[in-house]
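S.K.: Any chance you could fold what I've pasted below:
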Amino acid sequence: MPGVSPLAAMIVEAAKVVVFTGAGMSTESGIPDFRSPGGVWSRMKPIYFPDFVAHEAMRREAWTRVFSGAAGWVGAAPNDGHRAIARLVADGKVSAVITQNVDNLHQASGVPDDQVIELHGNASYAICLACGVRRELEELRAPFVDHGVIPTCEACGGLIKTATISFGQPMPASPMERAQAATLACDLFIVLGSSLVVFPAAAFPLQAKRNGARLIIVNREPTDQDIFADLVLHVEIGAALAEI
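M.R.: Take a look at the predicted model:
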């Protein structure tokens, strides 16, 4: 595949690699992206966080989407790209995987939880907005689907929501801090499948570059940050990484 040899060489030469993944990483697993024609937000309007908190009807709609699988964010299998990243992590080449995705596929491919930094949360489980206790979706499914019971926290009575970051919801401080630390510690930063238009997440590649790291962008379409990259590839991510 054209361009793969320079990509492989730069990975070999690097001492500490950070991988940054966006929606294009998981479209090859059949998970829709958000903004393109036919993407999630062209089929359904996002539910904003203040509306989820304030209105029972919005919470009911959100949980209906979760248990109907309407958004399609969970239930897929890792693709060749996910598995290749997991091998690079296992080999000690990749120190951290920063992801904008909520599909849990990096963990499912074998990347340890503590090396996945989820900027936008995780759709495979839920948390209490008040006390932070974790709840598994399967525990909540039957009461909602069979009896229409909107999940609330058994511990404190707070609202339960999938562990994703919704529009209007503050970005989680800890993942952002971890992502910045990993970014500033790497000497090679690889963007995979991100359009790099959603900030503050899209600032990390530029931070890495300003700090002296080499920057690689692999994405189906051009991005505004291509001009800063040391290597840009418009290829299928899974095939390119599997070849490496």
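S.K.: confidence score at the most centrally placed residue in the chain?
M.R.: Per CA atoms, centre = their mean, the C-alpha nearest to the average position across the chain is that of residue 101, at 1.7 Å. The model reports residue 101 with a pLDDT of 94.
S.K.: domain ranges for the protein?
M.R.: 1-31+78-120+171-244, 32-72+123-164 (automatic domain parsing).
S.K.: hey, which of those domains is tucked in deepest?
M.R.: Of all those, domain 1-31+78-120+171-244 carries the top mean neighbour count, a mean of 19, counting by mean count of other CB atoms under 10 Å. In short, each C-beta sits where N, CA and C put it, glycine included.
S.K.: which one of the domains of the chain has the lowest average pLDDT?
M.R.: Looking at those, the bottom one is domain 32-72+123-164 with a mean of 88.
S.K.: Now the terminal residues of that one, how far apart.
M.R.: End-to-end distance of domain 32-72+123-164: 16 Å, with CA to CA, to the nearest Å as the criterion.
S.K.: just stretch 8-17 next, same as before
M.R.: One end of stretch 8-17 sits 12 Å from the other (CA to CA).
S.K.: Contacts for it next, please.
M.R.: The contact list for stretch 8-17, computed with CB atoms under 8 Å, 6 or more residues apart in numbering, reads 88, 93-95, 185-190, 214, 216, 230-231, 243-244.
S.K.: Also stretch 87-99?
M.R.: With CB under 8 Å, 6+ apart, stretch 87-99 has contacts from 11, 14, 16-22, 25, 85, 106, 110-112, 115-120, 178-179, 182-183, 185-186, 201, 204.
S.K.: rerun that using 6 Å as the cut-off
M.R.: Stretch 87-99 has contacts (CB atoms under 6 Å, 6 or more residues apart in numbering) with 16-21, 106, 111, 115-118, 179, 182.
S.K.: What's opposite residue 121 in the beta bridge?
M.R.: Using DSSP bridges, the beta-bridge partners of residue 121 come out as residue 164.
S.K.: Now the two most distant members of the contacts of stretch 8-17.
M.R.: Using CB to CB, the pair of the contacts of stretch 8-17 lying farthest apart is 185 and 243, separated by 27.5 Å.
S.K.: quick one, what contacts residue 52?
M.R.: 58-59, 62.
S.K.: Same list, those residues, but as CSV with distance to residue 150 and secondary structure please.
M.R.: CSV is the format used below for these (distance: CB to CB, whole Å; DSSP: H, G, I helix; E, B strand; the rest coil):
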residue, distance to residue 150, secondary structure
58, 10, helix
59, 5, helix
62, 9, helix
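S.K.: can you put the residues you listed in CSV and add distance to residue 224?
M.R.: Putting those into CSV (distance: CB to CB, whole Å) gives the following:
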residue, distance to residue 224
58, 33
59, 36
62, 32
